[in-house]
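> Coordinates only, no sequence provided:
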């Protein structure tokens, strides 16, 4: 009888009942013990991405699980999560009662420990940020996207400083445009760095030791402590060291710079178990890198000539002085995120995030010297609510950014200061429409007033459509805006004889980005398989052009005059031929073109074609894990060197090459050990440093790098954790 | 190019090895059911992990509701007694063998015997 009456209720409220769904209602007990419908609760099948949330009447409809029995997890802020096991498909009478709890447990926010750089073949879908978890609270899962920073590292190592960079869409950053809530900067997208959160952390202690055959050593230690039901904290420490000099190719230059890094990060979480939660943390980093000629000694060769903040005169070094390179960085950072929820209306929340940063970078490249200091403050306040029901959600917010740069650049002909303060207040609004669980659209816009460049409008749009339960289509489009930092972003070029030329006043970069992607899941060899195809176009209206082609002795900066765009097409295919054995393949095509001095050319060092293959096998309970990755990188364009003497000229295109990595991990009862090898084929760019025998001469250039300069590296490590 | 070929054939060899070793079946594999004092999903993880490192144990699966763990093992390499002892050493009763008190003390609060069975 019960069953029939529920059916009738559903027929009234759900317009289309397809036989492929499981349906039910979620109720919550409130403080005085009575039950009421719970709108906005999250529901998903354990171990899948199939999920939905309840409507204003507490009803939900979710796609059937692939197999039964399956666990359905129901969660809601302010209530204890519940898991029920369903033994049959198409159930329509599920009723779940969640108990009101004081424990504001955040549900299943996947945490990822960020220690490695994301590879270009492993793009992060920006939908993850703006997608399904919007309702839980403006803070602290939405705000996780704030740890998101179009963080720009260096893509190819220059042959001396050893810095690395990530490039996506052939540009910096990750794919596609981001949510307006996260600011105006994302042109090609964002990288989501998410740290482990103390309150979900089961391990009290974690240590990772790493050492490689080139005498590089690293230690990571994480400590987690739950102080009481409200407070929890984590401490992350990282130390890495390379103090042995390696010169395998006998060009008198170190293959890898000597490095030492100390990194400490302490975060605190507070949940008052009712309507308020907060996270805050502080981070400090000190890093020194020293490269260049092996016989270079900082004290003798630079120390007397302007070390410790004292700037050298413009006079160049004697040609007999060893050539040295150093990059010394100090960073202090803090962040805070606070969220206020309204327990009776859980879809309503207020989140406030702030962050501050002080960074100092002191670099020398032979007789070239750079000193930069950045002070940054950022504030963002988000109000989230719904219109009538949870199918219509919106967010409104205010933000403020203050960025202060003091930079000084010195070389043999110039000695100049670059000082700028950016002050940018902004407002934004974002609307999300969700139609059952197969269609959603996020439309956002923001307006920012930049003190130097005036008003900036940034619209963004995202759409997702699940055509079937295994087919997902996505569309995105939007505008982005950023000011570029020419010194920090192009520091590797300083390891050359190129002179810095800034032709005009540089304007901010503005670009439109459009993307489309399709994901299809299917069964192959009785296991789950997928194909993902995406295509992105980025169209620059203005760009700060880094021109290396004009002259071999110059690096020229100017504003875009003409066309500049990036096309990227990526196809991913993953399947599981036998249980516990996964194979992933990807192909990526880049077409990144920019107008350099009135000529449309490929962006240098970006291969047009790449192929990746990854195979991973693990035994029962991951006792053994085997991982193998192979990359093939096609040719890329090398900047013009025709003006150099013949012996220093490079071909116009790079060679294609393979990169292979492998790792084996063995787990023991109390710890695990791993052994791996990077660059198995030992592929290296031949003679990476042009005119290495005369580093102060006109032809010296250590920045023309398209492939690894470091050969095969064997490494081993040890991990242990205490729960 | 030649090195590449070598590497690829090496990889192929590993793959073949993996495939064959997965398919290899041992005729002495038997099943054992043990009643434990587990109460939740975390207990399930603890016990299954502890058994995974036990010599001769191929697989184990604990049903939280019935508290019964089904262990598949090679009877030439281990015995039911050893398996029960391993469960006891992870902090749980195993049939008539009581939990090792030291290990029991270390268990998370939610995994103690006095708790009702919960997910």
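Received the coordinates, thanks. Note that the coordinates shown come from a computational prediction; the quantities given were computed from them, not determined experimentally.

> going forward, measure contacts between C-alpha atoms and count neighbours the same way
OK.

> where are the low-confidence patches of the chain?
No chain specified, so I'll use chain A. A:1-20, A:29-34, A:39, A:47-49, A:56, A:77-80, A:92, A:100-202, A:299-320 (pLDDT under 70).

> That was the other one, I meant chain B.
Counting by pLDDT under 70, chain B has low-confidence residues at B:1-27, B:119.

> Assign the nearest residue to residue A:352 once chain neighbours are set aside to helix, strand or coil.
Among residues not flanking residue A:352 along the chain, residue A:381 sits closest, at 4.4 Å (C-alpha to C-alpha, 6 or more residues apart in numbering or on different chains). Under DSSP: H, G, I helix; E, B strand; the rest coil, residue A:381 falls in the strand class.

> tell me the contacts of residue A:381?
Counting by C-alpha atoms under 8 Å, 6 or more residues apart in numbering or on different chains, residue A:381 touches A:350, A:351, A:352, A:353, A:397, A:398, A:399.

> let's go with 6 Å and repeat that
Contact analysis of residue A:381 by C-alpha atoms under 6 Å, 6 or more residues apart in numbering or on different chains lists A:351, A:352, A:397, A:398.

> Which single one of those is nearest to chain B?
Among the contacts of residue A:381, residue A:351 lies closest to chain B (C-alpha to the nearest C-alpha), at 31.8 Å.

> how much space is there between the nearest residue to the closest one once chain neighbours are set aside and chain B?
Once flanking residues are discounted, residue A:351 sits nearest to residue A:339: 4.3 Å by C-alpha to C-alpha, 6+ apart. According to C-alpha to the nearest C-alpha, to the nearest Å, residue A:339 and chain B sit 28 Å apart.

> host element of residue A:339?
Residue A:339 belongs to strand A:324-341 when assigned by DSSP states H and E.

> ok, residues contacting that strand?
For strand A:324-341, the external contacting residues (C-alpha under 6 Å, 6+ apart) are A:139, A:275-293, A:296, A:349-366.

> What helices and strands are in contact with the next helix or strand after it?
Per DSSP H and E, the first helix or strand lying C-terminal to strand A:324-341 is strand A:349-365. For strand A:349-365, the packing partners by 3 or more C-alpha pairs under 6 Å, 6 or more residues apart in numbering or on different chains; DSSP states H and E come out as strand A:324-341, strand A:368-387.

> Now distance to residue A:636 too, for the ones you listed, in a markdown table please.
Formatted as a markdown table, those follow (distance: least, C-alpha to C-alpha, whole Å):
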| stretch | distance to residue A:636 |
| --- | --- |
| strand A:324-341 | 27 |
| strand A:368-387 | 29 |
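
> Of all the ones you listed, which one is nearest residue A:487?
strand A:368-387 (8.2 Å; C-alpha to C-alpha).

> Give me the neighbour count for the residue nearest to residue A:351.
Residue A:339 has 24 neighbouring residues, counting by other C-alpha atoms under 10 Å in any protein chain shown.

> tell me the contacts of residue A:416?
Residue A:416 makes contacts with A:408, A:409, as judged by C-alpha under 6 Å, 6+ apart.

> can I see the domain layout of chain A?
A:2-98, A:127-722 (automatic domain parsing).

> so does the helix or strand encompassing residue B:88 get close to chain A?
Assigned by DSSP H and E, residue B:88 belongs to helix B:80-89. No: Helix B:80-89 lies out of reach of chain A by C-alpha under 6 Å from any C-alpha of the partner chain, never closer than 12.0 Å.

> Show me the helices in the chain, by range?
Using chain A here. Here chain A has its helices, by DSSP state H, at A:2-13, A:127-130, A:298-301, A:486-489.

> think we crossed wires, I meant chain B
B:2-23, B:41-52, B:80-89, B:101-106.

> if we look at the helix holding residue B:88, which residues are touching it?
By C-alpha under 6 Å, 6+ apart, the surrounding residues in contact with helix B:80-89 are B:94, B:99, B:100.

> The last one and chain A, how far apart?
Okay, so that is residue B:100. 17 Å.

> That residue - how many residues pack around it?
When neighbours are counted by other C-alpha under 10 Å, residue B:100 comes out with 17.

> Would you enumerate the residues in contact with it?
Each residue near residue B:100 by C-alpha under 6 Å, 6+ apart is listed here: B:88, B:89, B:91.

> can we see that at 8 Å?
By C-alpha under 8 Å, 6+ apart, the residues touching residue B:100 are B:88, B:89, B:90, B:91, B:92, B:93.

> repeat for the second one
Residues touching residue B:99, when contacts are defined by C-alpha under 8 Å, 6+ apart, comprise B:87, B:88, B:89, B:90, B:91, B:92, B:93.

> closest to residue A:701 among the residues you listed?
The closest of those, once distances to residue A:701 are taken by C-alpha to C-alpha, is residue B:90, at 61.0 Å.

> wouldn't that closest one be in contact with residue B:48 here?
No: Residue B:90 is not in contact with residue B:48 according to C-alpha atoms under 8 Å; the separation is 9.8 Å.

> Which one of the two is surrounded by more residues?
Higher neighbour count among residue B:90 and residue B:48: residue B:90, with 24 against 21, using other C-alpha under 10 Å.

> Tell me the buried residues in stretch A:452-468?
Residues of stretch A:452-468 classed as buried by neighbour count (16 or more other C-alpha atoms under 10 Å in any protein chain shown): A:456, A:457, A:458, A:459, A:460, A:461, A:462, A:463, A:464, A:465, A:466.

> Pretty sure the fourth one sits against residue A:476.
In this case it means residue A:459. No: assessed by C-alpha under 8 Å, residue A:459 is found out of contact with residue A:476, at 11.0 Å.

> Touching both of these two, which residues are there?
By C-alpha under 8 Å, 6+ apart, no residue touches both residue A:459 and residue A:476.

> before we move on, back to that, quickly name whichever of the contacts of residue B:100 is closest to chain A.
Looking across the contacts of residue B:100 and measuring by C-alpha to the nearest C-alpha, the closest to chain A is residue B:90, at 11.1 Å.
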